[in-house]
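Asker: the amino acid sequence is not available; the structure is as follows:
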């Protein structure tokens, strides 16, 4: 087998798929897509297809996991064995998915008002059905909408996006090839209102200036994701409850 | 929740309100650090890093294996960690838990991203490449395992001698040359307790923290980052931590290069 040729990722100010440095891939978010889960969301982001389902607050099982002061949060990020265009992979948790489940759970531990529901658990299940780079950000984005769809109280909402570096250019929303053949991956989750950073990971080589640039770009790009999350929630609310009563004419 | 953690959290928080840390350090100060290279004879490279009372042993072993199909000309680095129960009353036997996996993966990410290892130089022939096994053994846990693990791991690589591959055999002997490295990568971890940012948190400070941020650096670049725990940080706080990591990284690097 020969090594795959490294593609030119950045030509004449344009990226592989024709995007500029700031462009987001096509992003579609739907809320309330599942019947059994208390809340759910489906995110299609480039060729990513990520489904999130939420349960709770409900009785904590096993009981010895429960906390007398707050709800326990459980989160599983899982990649379907058929999710990549490469070979079929083994089912079940990998070291990567274990780490991602942890950092994604921690995003929401900082947001959900867990002390309202002592002794219970809230579960977040994320299934990556198709992966195209940036799945952890799609996962956080989907899980946030699913939690809101379930009506679980949070002090703020959150959206995520990965910036990165390709051929010395800092770009927003890395695609799969840009992640595989690029120089740095910089996923960040930012809260809607307070602009706090709730997920931060990075790899690759960045100078101090590039680090700041990538961070700023992630924070500004998250705003675009936030708008689509809000629209998805509004649409699902209208479908469930009829038009919201915003025109009270006294 | 462990009652001792509640007591420790209370203690650390009350001290911080008076502007103190439990061991009298400044907020941006490391505990005393020692790094000893070549502590094992069985491994091609080894080191013991001691940060305060935290001790992490790292060992580098070489093997020969088949390359990954997507990188047929490159060697393989495999970083694993072991948190044996003798290192902490909270460690259990059995398969690695998420904390242990995260620890190994963050140290690995720093080393890998720094490009200190030239993976192409680990090519042997069309079917065989060198496999580098980096094992991080926590011997005593008093907080900040990542920085100690990164120090031990880097020191073990600096200590490593490359074996030769002759007649389908791996030969380790006196004539083996030093494993070539391009730079020295170190990690700096800062914990957030209330409104305080504490470099190199102890175990008690970790019990009190809302979370931590780790940034790994080479002399010129930031090469890995990880926020851990439910803590929220602002953009400016993250940039300050990056600056501190560069500054403290120089101190750590000089310790390693002695």
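Answerer: Cool, got the structure. Every value quoted in this text rests on a predicted model; they were computed, and no experiment measured them.
Asker: what sits against residue A:221?
Answerer: A:22, A:24, A:161, A:163, A:172-173 (Cβ atoms under 8 Å, 6 or more residues apart in numbering or on different chains). For every residue, glycine as well, the C-beta is placed using N, CA and C.
Asker: cutoff 10 Å now
Answerer: Applying Cβ atoms under 10 Å, 6 or more residues apart in numbering or on different chains, one finds that residue A:221 lies in contact with A:22-24, A:137, A:159-163, A:171-173, A:188, A:190.
Asker: one more: residue B:51?
Answerer: The neighbours of residue B:51, taking Cβ under 10 Å, 6+ apart as the test, are B:30-35, B:142-145, B:147-149, B:151-152, B:200, B:202, B:252.
Asker: quick one, which of those residues are buried?
Answerer: Neighbour-count burial (16 or more other Cβ atoms under 10 Å in any protein chain shown) applied to these gives B:30-31, B:33, B:35, B:142-145, B:147-149, B:151-152, B:200, B:202, B:252.
Asker: the helix or strand hosting residue B:148 and chain A, are they touching?
Answerer: Taking DSSP states H and E as the definition, one finds residue B:148 inside helix B:145-159. No - for helix B:145-159 and chain A, the contact criterion (Cβ under 10 Å from any Cβ of the partner chain) is not met; the two come no nearer than 12.8 Å.
Asker: quick check: buried residues in stretch B:63-79?
Answerer: So stretch B:63-79, judged by 16+ other Cβ under 10 Å, has buried residues B:64, B:67, B:72, B:74-77, B:79.
Asker: nearest to chain A, of those residues?
Answerer: Looking at those and their distance to chain A, the nearest is residue B:72, at 5.6 Å (Cβ to the nearest Cβ).
Asker: okay, helices next: where are they in the chain?
Answerer: This is for chain A. Defined through DSSP state H, the helices belonging to chain A, from first to last, are A:95-109, A:135-149, A:176-181, A:208-241.
Asker: sorry, I should have been clearer: chain B.
Answerer: Taking DSSP H as the criterion, chain B contains helices spanning B:3-17, B:98-113, B:145-159, B:203-208, B:235-257.
Asker: now the shortest one, how far from the centre of its chain.
Answerer: Just to be clear, that refers to helix B:203-208. Computed by Cα atoms, centre = their mean, to the nearest Å, the separation of helix B:203-208 from the middle of its chain amounts to 19 Å.
Asker: repeat for the longest one
Answerer: From the chain centre to the centre of helix B:235-257 is a distance of 14 Å (Cα atoms, centre = their mean).
Asker: that helix and chain A, are they touching?
Answerer: Yes - applying Cβ under 10 Å from any Cβ, one finds helix B:235-257 touching chain A at B:235, B:237-239, B:241-243, B:245-246.
Asker: mind giving me the PyMOL command for buried ones among those?
Answerer: One line in PyMOL is enough to select the buried ones among the residues of helix B:235-257 next to chain A; burial here means 16+ other Cβ under 10 Å:
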select buried, chain B and resi 235+237+238+239+241+242+245+246
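Asker: so which of the residues of helix B:235-257 next to chain A comes closest to residue B:112?
Answerer: Taking Cβ to Cβ as the measure, residue B:112 lies nearest residue B:245 of the residues of helix B:235-257 next to chain A, at 17.6 Å.
Asker: from residue B:121, how far out is the residue sitting furthest away from the middle of chain B?
Answerer: Among residues of chain B, the one most distant from the C-alpha centroid is residue B:167; the distance is 35.4 Å, by Cα atoms, centre = their mean. With distances taken as Cβ to Cβ, to the nearest Å, residue B:167 is found 21 Å from residue B:121.
Asker: any low-confidence regions in chain A?
Answerer: Residue ranges of chain A with pLDDT under 70: A:1-5, A:242-250.
Asker: give me the residue at the spatial middle of it.
Answerer: For chain A, the residue whose C-alpha lies nearest the mean C-alpha position (Cα atoms, centre = their mean) is residue A:140; its distance is 2.5 Å.
Asker: wait, that one touches residue A:158, no?
Answerer: Yes - Residue A:140 lies in contact with residue A:158 (Cβ atoms under 10 Å); the separation is 6.3 Å.
Asker: which neighbours do the two have in common?
Answerer: A:107-108, A:189-190, A:198-199, A:225.
Asker: quick one: which of those residues is most hemmed in?
Answerer: Going through the shared contacts of residue A:140 and residue A:158 with other Cβ atoms under 10 Å in any protein chain shown as the criterion, the one with the most neighbours is residue A:189, at 34 neighbours.
Asker: just the buried residues of stretch B:63-79: which are in strands?
Answerer: If you go by DSSP state E, those have B:64, B:76-77, B:79 in strands.
Asker: out of the helices of chain B, which one sits most buried?
Answerer: helix B:145-159 (a mean of 28; mean count of other Cβ atoms under 10 Å in any protein chain shown).
Asker: report the angle between it and helix B:235-257.
Answerer: Angle between the axes of helix B:145-159 and helix B:235-257 is 40 degrees (criterion: axes from the mean of the first three to the mean of the last three Cα atoms, to 10 degrees).
Asker: leaving out sequence neighbours, find the closest residue to residue 60.
Answerer: Since no chain was named, I'll use chain A. Here the nearest residue to residue A:60 in space, its sequence neighbours aside, is residue A:66; by Cβ to Cβ, 6 or more residues apart in numbering or on different chains that works out to 3.7 Å.
Asker: not quite, I wanted chain B
Answerer: In space, and not counting its chain neighbours, residue B:60 is closest to residue B:45: 3.5 Å by Cβ to Cβ, 6+ apart.
Asker: mind putting the residues of helix B:235-257 next to chain A in TSV, pLDDT included?
Answerer: Putting these into TSV (pLDDT from 0 to 100) gives the following:
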residue	pLDDT
B:235	97
B:237	98
B:238	98
B:239	98
B:241	98
B:242	98
B:243	98
B:245	98
B:246	96
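Asker: between the residues of helix B:235-257 next to chain A, which sits nearest residue A:133?
Answerer: Minimum separation from residue A:133 among those (Cβ to Cβ) is found for residue B:238, which lies at 22.9 Å.
Asker: near residue 137, how many other residues are there?
Answerer: Looking at chain A here, since you left the chain open. 29.
Asker: ah, no, chain B please
Answerer: Other residues near residue B:137 number 19, with proximity taken as other Cβ under 10 Å.
Asker: could you do residue B:96 as well?
Answerer: Around residue B:96 there are 16 other residues, counting by other Cβ under 10 Å.
Asker: these two touch, right, it and residue A:98?
Answerer: Yes - counting by Cβ under 10 Å, residue A:98 is a contact partner of residue B:96 at 8.4 Å.
Asker: mutual contacts of those two, please.
Answerer: residue B:102.
Asker: one step back: so who does the residue nearest to residue B:60 touch?
Answerer: By Cβ under 10 Å, 6+ apart, residue B:45 lies in contact with B:37-38, B:58-62, B:132, B:134, B:153, B:155-162, B:178-179.
Asker: going through those, which ones are buried?
Answerer: B:37-38, B:58-62, B:132, B:134, B:153, B:155-162, B:179.
Asker: farthest-apart pair in the buried ones among the contacts of residue B:51, please.
Answerer: Farthest apart among the buried ones among the contacts of residue B:51 by Cβ to Cβ are B:35 and B:202. That separation is 18.8 Å.
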